[in-house]
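Participant: Quick one: sequence plus predicted model below, questions after.
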Amino acid sequence: MMSTSEYSRETEFLKDGPWDELYVITQYWKSDLEFYRDDLRFLHYLVDKYFIWITKAENIDMVKSLKNSLLVLNEEVTGLLDKIGSHRIRLGYLVENPRYADATVMKRDHAELEREMALFVKSFRKNRKEVFKITEYIVDSEKLASVMDS
């Protein structure tokens, strides 16, 4: 995540573009989000795989909550991909014609997307750790390790 001084330097950097470089940055964001979306699919699979073996009510509730948080993340990644796609199109117009739009609006939109990306990544990482922590707990508490090895 960016520090305040890094953010200030980027804001100054964005003053009048360079739109082509911002376009490239959004391509990296898109690629990262596609990776996170694929990882979310794996996390859903992992949770579903162990869910069928759960017998304890508290574990079922824990997994249901976890599945809900993964669904929220899935909605967020889809929304971010859409927003970044629209932003990239507008940046593409600016690369071709720098007077196409107001630089202030593009700076604000880019900064907001950057903030949303940072929040998403933080939330994703937290949830990913939680999936593995809960999965490990359930395997141990339900004594699934011996069932799964059979």
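Facilitator: Everything's here; your move.
Participant: contact partners of stretch 117-125?
Facilitator: Applying C-beta atoms under 8 Å, 6 or more residues apart in numbering, the external contacts of stretch 117-125 come out as 1, 2, 29, 32, 33, 36, 39, 40, 73, 76, 77, 80. C-betas here are computed from N, CA, C, even on glycine.
Participant: What strand or helix carries residue 53?
Facilitator: For residue 53, there is no host helix or strand (DSSP states H and E).
Participant: what comes up buried for the helix or strand residue 106 falls within?
Facilitator: Using DSSP H and E, residue 106 sits in helix 103-141. Judged by neighbour count (16 or more other C-beta atoms under 10 Å), helix 103-141 contains these buried residues: 106-107, 109-110, 113-114, 116-117, 120, 124, 127-128, 130-131, 134-135, 138-139.
Participant: try stretch 69-89
Facilitator: So stretch 69-89, judged by 16+ other C-beta under 10 Å, has buried residues 70, 73, 74, 76, 77, 80, 81, 83, 84, 87, 88.
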